[in-house]
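**Student:** I'll drop the sequence and a predicted model, then ask my questions.
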Amino acid sequence: ETGVTQSPTHLIKTRGQQVTLRCSSQSGHNTVSWYQQALGQGPQFIFQYYREEENGRGNFPPRFSGLQFPNYSSELNVNALELDDSALYLCASSVGGALSWAFNNEQFFGPGTRLTVL
Amino acid sequence: AQSVTQLGSHVSVSEGALVLLRCNYSSSVPPYLFWYVQYPNQGLQLLLKYTSAATLVKGINGFEAEFKKSETSFHLTKPSAHMSDAAEYFCAAQTGANNLFFGTGTRLTVIP
């Protein structure tokens, strides 16, 4: 069974640029959630995708957007990067929908992508 | 609104001593509760979870946590700390929506 993978592991961008982060979900999972973890903080929920549709969003501006593909992998896009966007971005996959409670809504996390904005 | 509070951003214990990391939640509905561990430059690993089946939950690496509704707490304990337990620990809560609300974390240092 393949776990959650994320790419790239590290990324350096300059302010104003755009970035795309990628996540492959664990086998059998149909839901992907994205979190931002600033240095010294707990992860903050950005949004979740279930069956290619956004299924909940945290308090993040529209320049944070995402996609989910038919194979349930996902992308996180951030436009007009700001210095405060520097963080570890975590992706988590889970079983969503009617079966979610059967799996206790457990989310499995990838290793993260460390984004530095200069 | 749902929130999670972790008391103590840093906790130091001697090797072999009791580990106690505190977590309180605020929710109108008893949530699912989780403890995650994060080692440097790594993602989050699930230690244990409370899903209303039993109030005392046993997890991996000798950790356990007790759900106390009257105190809205879900403290993490381990009887005897090992050097390998040094890491950042996060408490998280989840209700009807699928997103997790995390506390700000507690960094555990184990002194030899």
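**Tutor:** It's in.

**Student:** which residue packs closest to the residue in chain B that chain A sits nearest to, ignoring adjacent ones?
**Tutor:** Closest contact between chain B and chain A, by C-beta to the nearest C-beta, is at residue B:102 (3.5 Å). For the C-beta atoms, the positions are set from N, CA and C on the backbone; glycine is no exception. Closest residue to residue B:102 apart from its sequence neighbours, by C-beta to C-beta, 6 or more residues apart in numbering or on different chains: residue A:42 at 3.5 Å.

**Student:** what's the burial count for that neighbour?
**Tutor:** Using other C-beta atoms under 10 Å in any protein chain shown, residue A:42 has 22 other residues around it.

**Student:** Kindly report the same for the one 5 residues further on.
**Tutor:** Residues contacting residue A:47 under the criterion other C-beta under 10 Å number 20.

**Student:** pretty sure it is touching residue A:33, no?
**Tutor:** Yes: applying C-beta atoms under 8 Å as the test, residue A:47 and residue A:33 come out as touching, 7.4 Å apart.

**Student:** Please list the residues of chain A that sit near chain B.
**Tutor:** A:4, A:31, A:33, A:35, A:40-45, A:48, A:50, A:55-56, A:58, A:90, A:92, A:94, A:96, A:100, A:104-112, A:114 (C-beta under 8 Å from any C-beta of the partner chain).

**Student:** now the strands for chain B?
**Tutor:** Along chain B, the stretches classed as strands by DSSP state E are B:3-5, B:10-14, B:19-21, B:24-26, B:32-38, B:44-50, B:56-58, B:64-68, B:73-78, B:87-94, B:101-102, B:106-111.

**Student:** So for residue A:75, which of the ones you listed sits nearest?
**Tutor:** Closest to residue A:75 of the strands of chain B, according to C-beta to C-beta: strand B:44-50, at 20.3 Å.
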